[in-house]
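In: only the shape, not the letters, is given here:
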């Protein structure tokens, strides 16, 4: 077996060396100085040149299997990267031309490759009459390119995206608030939308070209005097190069591919056209019309026009009635600038993504998406367009918010293409916990991810604060983005700012600025699986509170170029700066050692030691240049020493380090154990004795063994008593061997068991008719680190329904309706708790909901001057409000003129929506605190669905519902009008439970799935003495479904099929005198 494996490796290496020798040869500029060069729109500051045997490459590519065919390609092609390395890619054919078009132009091919050495790296390339064009999406050196350097297609330039420079300008004329495509996608996120679950989509794309664009590409091919067919192939080749590169990002992030329609040559204009090359708006409309006329509405899914002027503009979404309404025009329509900065940007608009930059930049900022500082760096930003610029070219990646917007569009309005299952399950992203950190202090974002297919994952952290702020960002900014997006990484962690800057003692580099004020920071953690058969991505979110009253947290020693000998004791010191309290509440720290000059910290020299500003450590036996990091234990903030210090080798001696917990929390009377690792260095043979000082009073200490003269472990056991005083003990282990004396510190936090009798606050004793969701509150006990809560249905607590330990003095639980409960709580510490005291009792009521519909409609909304109109609903119900939804239908052009306010009988005003969705028309909406953020949509109603109101309806809870409810409609602009055609209230309350008195009982039934598409099941326990009636009501109180089932026994699952629009509905189940209601959402 071993011989066979070695033979295979030898063959592979031999073949690889042969392929490399046949394909690539390094050259210099002088080697090709006399040859005509290709025109470039931008030139890199650093690059490499190679000669390529293009015929040999094409020969090796002949017969490679089609991506997604199920075959494993045996073709592995070497490609030089921008660092001079040769990487090897397993290659598949991945066309961006339909087979019908490809047959007519067999010299145009597109491929995809996955790197053997770096599986997360993807190569997308094409071969045409222009030669080879390759784009590699990698994490090692970012995105790099291979382009033809000389016009003979024999010599190539290899360069990194980061090395490009430009003096060109570009204008995207897409205004997000006016973009019909943009209005279909949600902007107020973060919220992780459902992934595609292994479905691949191919959109049929029609690309129209102006005569000017075609002439440019024909000239680049040197075919001014060529035949019509040759010219057509040159233009289609240029389109293919662009589409191959653009498609790569959509494939990786969204499992979406773009493919030219079979008759795309009908809209490539060589000699004459009817397209305005100079005017973006004109070309957008004319190109749309030309594509519809030539290709046919049923024969393409999206379209775009290419020109040589006008910038970019996109107004049409895939699958819409204006699906070819987009254009891109640039003077030199070639290269990364045209392909990624511009075409991918405008196609991103088509798929629903808006601008992500924070600066104003020509009035094109989208305020609700301004997550990137400056002009941004991702595709939907304006990299290089407006000062202040972070960089001149967009990174080849979409921002997390852009992915979410496009995913929404693709799964909704643009969901018109077949789904092809790939078997690729999306990764699972975990951004970790939320944290509270001190101001003026660096921190580390740490994520984790899993992938069921074991794909090679890559990671990306992006800030999600969109408030408009001064740029470049300031440390005193209380809102907006302080941290730029970085190129995708193979590490799930990100130092904020970069560790390179922290090593230079700079916490405020221009585009990664640590706050020095109290503020909130939100971050998105995006994971990509880089599956070449259709990539999947996932995003998770986390939140950080920066506290003004704490920080900066700073290491104060060692901060000079000192020399420490391995095995000696030294003090590490730091400024605690209020981090043990003030909401940061970090009582312990970890101390770590770097041996590579501060870039990584793999050595833990003290774990979980008190955050008191000083700790004695034993220097590890790791000679070299070191740095110290002190980091909040179970937190993300940290600081490192200011400069490298030197660790010199130890002489003949010993060292001992704590293995495991260095700080232990325990209650009085407990026994705890620590472990020391003992190591002899350079032939040390002395016997070392161990003693402990500063341990708790009345405790006993044992060492096992009591001495060592060789490598081994020592167990330190401390047995406390109930009379040992509580407190935090810093205990010193002294290790003595002749004149050699070493010390290590152990920490014991001895906790009291003298718990106070807690006061039960809410629910109050004897409370009646509580909602099923109950909030428990009790008094604090300064001794307790946690609390043990029990809830039972009997006073003796024999039937316990909740038994939890919580670190805070409150807890919320959902209980059964119409039930009598008892609750009690006791303080607890690590491993011990007090004695339960008296309990309190309470009862829950039965939830019910009633719908009240206004008869005072339709209500006219004036077409003249700004006006106010109102209508009412009289509610005759004697109950306290527990939940509320408001439904209304308005017909009105320019719905953005309207302000809608609900006024309760108590006079509480709640703003439902206010001047949103601009020139959109009409509203058909239900407002609920459980609704989605309001996003403007297309179609018959711009404001529609189940939406969250502008002000929360929860402000009305606990008010009495009886009386007059008013809906006030303000039309704040003249010239447009309409009417309120309907409105209703769904008000929920509680029926009182009285022990021992016969009453209606809640029916326990389930609805699944919920939300649904109108098809669902109602599952309930039937009873033999009464029929069961199932009915469904809309939010206006109209019955839209009813089913009576005869008496029976056992579990029944009743299918229900509604023919209903999207919205919220009420399902009632009635058995005799018993009735229960639940809400469903139809999507």
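Out: That came through, no problem. Because the structure is predicted, anything quoted here is derived from the model rather than measured.

In: residues contacting the residue of the chain positioned farthest from its centre?
Out: The outermost residue of the chain, judged against the average C-alpha position, is residue 738 (59.1 Å), by Cα atoms, centre = their mean. Residues counted as contacts of residue 738 (Cβ atoms under 8 Å, 6 or more residues apart in numbering) are residue 686. Using the backbone N, CA and C atoms, a C-beta is placed for each residue, glycine as well.

In: my read is residue 878 is in a strand, agree?
Out: No: applying DSSP: H, G, I helix; E, B strand; the rest coil, one finds residue 878 to be coil, outside a strand.

In: wait, doesn't it sit right on residue 962?
Out: Yes: Residue 878 lies in contact with residue 962 (Cβ atoms under 8 Å); the separation is 5.9 Å.

In: higher neighbour count, those two?
Out: Neighbours per residue, other Cβ atoms under 10 Å: of residue 878 and residue 962, the larger number sits with residue 962, 12 against 9.

In: and the more buried one, what does it touch?
Out: 875-878, 905.

In: now for those residues, which pair is the farthest apart?
Out: 878 and 905 (12.2 Å; Cβ to Cβ).

In: got any residues that touch both of these two?
Out: 960, 962.

In: ranking the contacts of residue 962 by neighbours, who comes first?
Out: residue 875 (20 neighbours).

In: state the distance from that one to residue 953.
Out: Residue 875 sits 15 Å away from residue 953, going by Cβ to Cβ, to the nearest Å.

In: with residue 889 instead?
Out: 18 Å.

In: using JSON lines, lay out the contacts of residue 962 together with pLDDT and distance to residue 936.
Out: Below are the contacts of residue 962 laid out as JSON lines (pLDDT from 0 to 100; distance: Cβ to Cβ, whole Å):
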{"residue": "875", "pLDDT": "90", "distance to residue 936": "32"}
{"residue": "876", "pLDDT": "83", "distance to residue 936": "37"}
{"residue": "877", "pLDDT": "77", "distance to residue 936": "35"}
{"residue": "878", "pLDDT": "77", "distance to residue 936": "40"}
{"residue": "905", "pLDDT": "93", "distance to residue 936": "32"}
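
In: model confidence for residue 236, exactly?
Out: At residue 236, the pLDDT value in this model is 98.

In: likewise residue 916?
Out: 84.

In: number of nearby residues for it?
Out: With other Cβ under 10 Å as criterion, residue 916 counts 17.

In: isn't it right up against residue 943?
Out: Yes: shown here, residue 916 and residue 943 form a contact pair, counting by Cβ under 8 Å, at 6.9 Å.

In: what sits in contact with each of the two?
Out: With Cβ under 8 Å, 6+ apart as the test, residue 916 and residue 943 both reach 895, 934, 936.

In: that's a helix at the second one, yeah?
Out: No: going by three-state DSSP, the assignment for residue 934 is coil, not a helix.

In: distance between the top strand by length along the chain and the chain's centre?
Out: Identified as the longest strand of the chain according to DSSP state E is strand 978-991. Its chain's C-alpha centre and that of strand 978-991 lie 36 Å apart, by Cα atoms, centre = their mean, to the nearest Å.

In: residues contacting residue 334?
Out: Here residue 334 is in contact with 39-41, 220, 238, 241 (criterion: Cβ under 8 Å, 6+ apart).

In: my guess is residue 248 contacts residue 397. True?
Out: No: judged on Cβ under 8 Å, residue 248 makes no contact with residue 397 at a distance of 10.5 Å.

In: what about those two, which has more around it?
Out: Per other Cβ under 10 Å, whichever of residue 248 and residue 397 has more neighbours is residue 248, with 30 against 27.

In: next one: the most centrally placed residue in the chain from residue 344, what distance?
Out: What sits nearest the mean C-alpha location of the chain, by Cα atoms, centre = their mean, is residue 539, with 3.0 Å. Separation of residue 539 from residue 344 (Cβ to Cβ): 19 Å.

In: before we move on, what about residue 844?
Out: 56 Å.

In: which ones are touching the residue lying closest to residue 975 once chain neighbours are set aside?
Out: Nearest residue to residue 975, sequence neighbours excluded (Cβ to Cβ, 6 or more residues apart in numbering): residue 863, at 7.4 Å. For residue 863, the contacting residues are 975-977, by Cβ under 8 Å, 6+ apart.

In: give me the buried entries from those residues.
Out: Neighbour counting by 16 or more other Cβ atoms under 10 Å classes 976-977 among these as buried.

In: give me the lowest-pLDDT entry from the contacts of residue 863.
Out: Where pLDDT dips furthest among the contacts of residue 863: residue 975, at 71.

In: angles on the backbone of that residue, please.
Out: Here is the backbone geometry of residue 975 (degrees, to the nearest 10): phi 100, psi -20.

In: how is this protein partitioned into domains?
Out: 22-164, 423-440+457-547, 550-650, 652-753, 773-843, 848-991, 1005-1082 (automatic domain parsing).

In: format the ones you listed as TSV; extra columns: distance to residue 350.
Out: Output for the domains of the chain, formatted as TSV (distance: least, Cβ to Cβ, whole Å):
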stretch	distance to residue 350
domain 22-164	16
domain 423-440+457-547	19
domain 550-650	38
domain 652-753	56
domain 773-843	44
domain 848-991	14
domain 1005-1082	24
